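# My questions concern the predicted model and sequence given below.
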Amino acid sequence: MRKFQHWLEPKTPAELEQMAQEARRLTQAHFGKTVRLYAPLYLSNECVNVCQYCGFSREHTIRRLTLTSEQVETEARHLVKEGFRSILLVAGEHPKWISENYLAECLARIRPLAPSLALEVGPMDTDGYRMMVKAGAEALTIYQETYNTKRYAELHPAGPKKDFDWRLECPERAAEAGMRRIGVGALFGLSDWREEALALAAHTEYLLKTCWRTFLTVSLPRIRPAAGDFTPPHPISNREMVHLICALRLAFPQIGIVLSTRESAQFRDALLPLGITHMSAGSNTEPGGYTGINSGEQTTGGAPEKNQPETGEQFHIADERPAAAFAEQLKKLGYDPVWKDWDQGLNAMP
Amino acid sequence: MTNQLQIAGKNFSSRLFVGTGKFSSLELMRDTLAACGTGLVTVALRRADLSGSGDAHAAILDYLDSARYLIVPNTSGAMNAEEAVRLARLGVAAGLPHWVKLEIHPDPRYLLPDPIETFKAAEILVKEGFIVLPYINADPVLAKRLQDVGCAAVMPLGAPIGSNRGIETRAQIEIIIEQATVPVVIDAGLGTPSHAAQAMEMGADAVLINTAIAVAPEPQRMARAFMMAVECGREAFETGMPSLSQTAAPTSPLTGFLG
C-alpha cells in the first residue's frame, strides 16, 4: 500500500513517463505481448436497485427485458462466431427475473460453447456462488462502485444494493465457492479519484492475501452517459487515468487490469501498453443487442423517458470497433489477441 | 560436439527448450523457434484447441511443426492434481504426444508449483503411460520422490516464472543435479543468456526459456543468443569447470626449484 501511495502522488510529466515505461516492462514480463479478449453478454436489464448513475436503475422508464435461455444461447453463438471464447454474462439485480436458477440455466446452456464464462450480477451468498461455479461459471466481476461509504449511501438510496458490506464481501464468498478469477473495481467519477484508488488498492491487497488461489483483475471504469443523464461529480481526466493505471501496475505487477469499450478507440490503444491485460471488444450493453433479439419477454417498463434512447442499454459504449477489426489493430500495435486462455477441462464438472 | 541429451529414450540435439507463451504473434513465435534450433517446445493446453474442430481462434498448435519439434503440452492453469490429470488426458485425446509438462500452481500471483498436488498428479500420469516432466520448486527431496515414481526428468525453477532473476535457488539445484538419475531441466526465472550458461556450467541437462525470449525486442536474435549460451555452458561443463579458490594460484610457482 505504501508503494501504491507513493506512485499515486502528483508526478511531473517526466516522472509519469518513467512510470509508464516501467509499467509496460512489468506487464510484458508477467503477461507477455498479449491481450485476452472477452465480450459482455447482457441477459437482462431488470433491476430492483436505484443507482443514480446507471441506465438500468429502476427509476428509469426504459424498455425492460430478460432473455430466455434460448435467446442467451443465440447471443452466445453470435459471440463465439465472432471469435470470443471468454464471455461475461451481465444482468441487473432482480430476485424474480434474474434468479439464481435462471442464471444457472443460462450458464448450463452455453457452457459447451465457450470455455470461459464469467458473471457480473447481483451479490449472492456462498452457496449461490457455488451453484454458479457448478453450472459453469469460472469468474465473477463485482465492482464496489465507490469505496466512499457516504457517497455510496447517497448514490444507492433504495434496493438491496444499499448494503455496502454485503457487496464488499462478495469476492471472498465467490473465492470460497471456487470462482477462479475475480474482478473488482470502482466506478471512477463518483468520488475523488485518488481516495477511490487508495481504497481499491487496499481491497486488492487484502484479497491477494486472503484469496490467494484466485486470479485477481481490477477494472477502472469511468462513468459513461446513460439513461438519467447523471453528471459525475468528480470526473477523472485522461492524464489521471494514465497515472492511475501505471500506479496500479507498479504496485501490483501480477494482477490483471481490464479495459472495456467505455473508453474511446484512440484512448484504449494508448492505454494498452501501460498495464492492460484483458479487453472487451465489439460490445453491446443491451440484452439481445448482438443479434437484434427484441422480442424477449418485456417484463416491466414502458415508453422511454423524454430525450432517452429507445434502447435498454446500460450505457453508451465509446469504442465501437467490431471484434475482428479490434483484433487486427492489436496486431498492428504489436500484441497477440488471445481469444482462448482457458479450457473446459479446468472448469467444475457438471 | 557435446554429448547428446536423452529423455525417456528420445534424443535431443539442442539443450535449449522453449515455451510458446507471451509472443506478440504466433508467426513471430514460429519463426523464433525455427531460429534457435530447439527440439522441444512446450505449449499451454488452456490456449490450444482441444475440441478437434480446427478452431481458428485458438490456433497455436497450427504454428508448431510436430515433425520438427516434440510438442510437450503443459497443464498451466490447473490448481490441483485432478485438473492437471484431466487436462493432460484432453491433450492426448486431441492428438498431442503422451508427454506432459506437469504444472500445478494454485497461486496465480507467483505461479509457484504445489509440491503435493504435483506429486499426486505425477503418480497418476506415470501409471497411465505419460512421460511426465514436472515443474517443481528447487526441492531436492521432492525431485527424488518424483524420480522414484517414474518421472522422466525434473524441472526445478531458478526463480519465479517471468521474473528474469536467474538462478536464485542455486544451492538447492546443485543438490538436485548431484543426486539426479534423470535429466534436470532448469525452468523459469532465467532472464539472460548468461543465466542459461550458468545453469549448464552447473551441470543442468537443459534449460527451458520463455519470457526472456518472447518479450525481447528481437526474439529471434535473443533465442539464438540463448542457444549459443547453452552450448557454451555445456561445453565448459563437459570440459570440466575449474575449482574455485579464495587465494591466488600463480602460474609460475615460487617453490618449483625444490623439485
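Noted; the coordinates are in hand.
# make it CA atoms for all contacts and neighbour counts henceforth
Will do.
# does stretch B:202-221 come close to chain A?
Yes. Among the residues of stretch B:202-221, B:Thr211, B:Ala214, B:Val215 lie within reach of chain A under C-alpha under 8 Å from any C-alpha of the partner chain.
# Show the end-to-end separation of that stretch, please.
This stretch, stretch B:202-221, spans 25 Å end to end (C-alpha to C-alpha, to the nearest Å).
# can you pull the buried residues of it?
Neighbour-count burial for stretch B:202-221, with 16 or more other C-alpha atoms under 10 Å in any protein chain shown as criterion, is recorded at B:202-216, B:219-220.
# Select from these every entry located in helices.
In this view, those that belong to helices under DSSP state H are B:Thr211, B:Ala212, B:Ile213, B:Ala214, B:Pro219, B:Gln220.
# Nearest the geometric middle of the chain, what residue?
Went with chain A since none was named. A:Thr141 (5.8 Å; C-alpha atoms, centre = their mean).
# nope, chain B please
What sits nearest the mean C-alpha location of chain B, by C-alpha atoms, centre = their mean, is B:Leu208, with 3.2 Å.
# wait, that one sits on B:Asp187?
Yes. Taking contacts as C-alpha atoms under 8 Å, B:Leu208 lies within contact range of B:Asp187: 4.9 Å.
# For chain A, what's its nearest residue on the stretch 1-150 of chain B.
At 3.8 Å from chain A, B:Lys22 is the closest residue in the stretch 1-150 of chain B, using C-alpha to the nearest C-alpha.
# residues in contact with the helix or strand A:Asn101 falls within?
When elements are defined using DSSP states H and E, A:Asn101 is found to belong to helix A:100-110. The list of residues contacting helix A:100-110 from outside it, by C-alpha atoms under 8 Å, 6 or more residues apart in numbering or on different chains, reads A:Ser69, A:Glu70, A:Val72, A:Glu73, A:Ala76, A:Leu117, A:Gly128, A:Met131, A:Met132, A:Ala135, A:Gly136, A:Ala137.
# Then stretch B:171-191?
Contacts of stretch B:171-191 from elsewhere in the structure, counted by C-alpha under 8 Å, 6+ apart, are B:6-7, B:135, B:138-140, B:143-144, B:147, B:152-167, B:196, B:199, B:202-212.
# Over to stretch B:217-237?
Counting by C-alpha under 8 Å, 6+ apart, the neighbours of stretch B:217-237 from elsewhere in the structure are B:1-2, B:14-16, B:28, B:31-33, B:35-37, B:192-194, B:196-203, B:206-207, B:212-213, B:216.
# Of these, grab the buried ones for PyMOL.
One line in PyMOL is enough to select the buried members of those, burial here meaning 16+ other C-alpha under 10 Å:
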select buried, chain B and resi 14+15+16+28+32+33+35+36+37+192+193+194+196+197+198+199+200+201+202+203+206+207+212+213+216
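# Can you show me the strands along chain A?
With strands called from DSSP state E, chain A shows them at A:34-44, A:63-66, A:86-91, A:116-120, A:139-141, A:181-185, A:215-219, A:256-259, A:278-280, A:297-301, A:336-338.
# Which of the ones you listed sits closest to B:Gly240?
Counting by C-alpha to C-alpha, B:Gly240 lies closest to strand A:34-44 out of the strands of chain A; the figure is 41.8 Å.
# What distance do you get for the residue in the stretch 151-300 of chain A positioned nearest to chain B to B:Leu112?
For the stretch 151-300 of chain A, the residue positioned closest to chain B under C-alpha to the nearest C-alpha is A:Arg213, at a distance of 4.8 Å. Separation of A:Arg213 from B:Leu112 (C-alpha to C-alpha) stands at 11 Å.
# Give me the common contacts of those two.
Going by C-alpha under 8 Å, 6+ apart, residues that sit against A:Arg213 and also against B:Leu112 are B:Pro106.
# returning to what we had before: weed out the non-buried ones from the contacts of helix A:100-110.
Looks like those have A:Ser69, A:Val72, A:Glu73, A:Ala76, A:Leu117, A:Gly128, A:Met131, A:Met132, A:Ala135, A:Gly136, A:Ala137 buried, using 16+ other C-alpha under 10 Å.
# Pipe those residues into JSON lines and attach distance to chain B and pLDDT per row.
As requested, these are exported to JSON lines (distance: C-alpha to the nearest C-alpha, whole Å; pLDDT from 0 to 100):
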{"residue": "A:Ser69", "distance to chain B": "24", "pLDDT": "92"}
{"residue": "A:Val72", "distance to chain B": "21", "pLDDT": "94"}
{"residue": "A:Glu73", "distance to chain B": "19", "pLDDT": "96"}
{"residue": "A:Ala76", "distance to chain B": "15", "pLDDT": "96"}
{"residue": "A:Leu117", "distance to chain B": "14", "pLDDT": "97"}
{"residue": "A:Gly128", "distance to chain B": "22", "pLDDT": "97"}
{"residue": "A:Met131", "distance to chain B": "19", "pLDDT": "97"}
{"residue": "A:Met132", "distance to chain B": "19", "pLDDT": "97"}
{"residue": "A:Ala135", "distance to chain B": "17", "pLDDT": "96"}
{"residue": "A:Gly136", "distance to chain B": "15", "pLDDT": "95"}
{"residue": "A:Ala137", "distance to chain B": "15", "pLDDT": "96"}
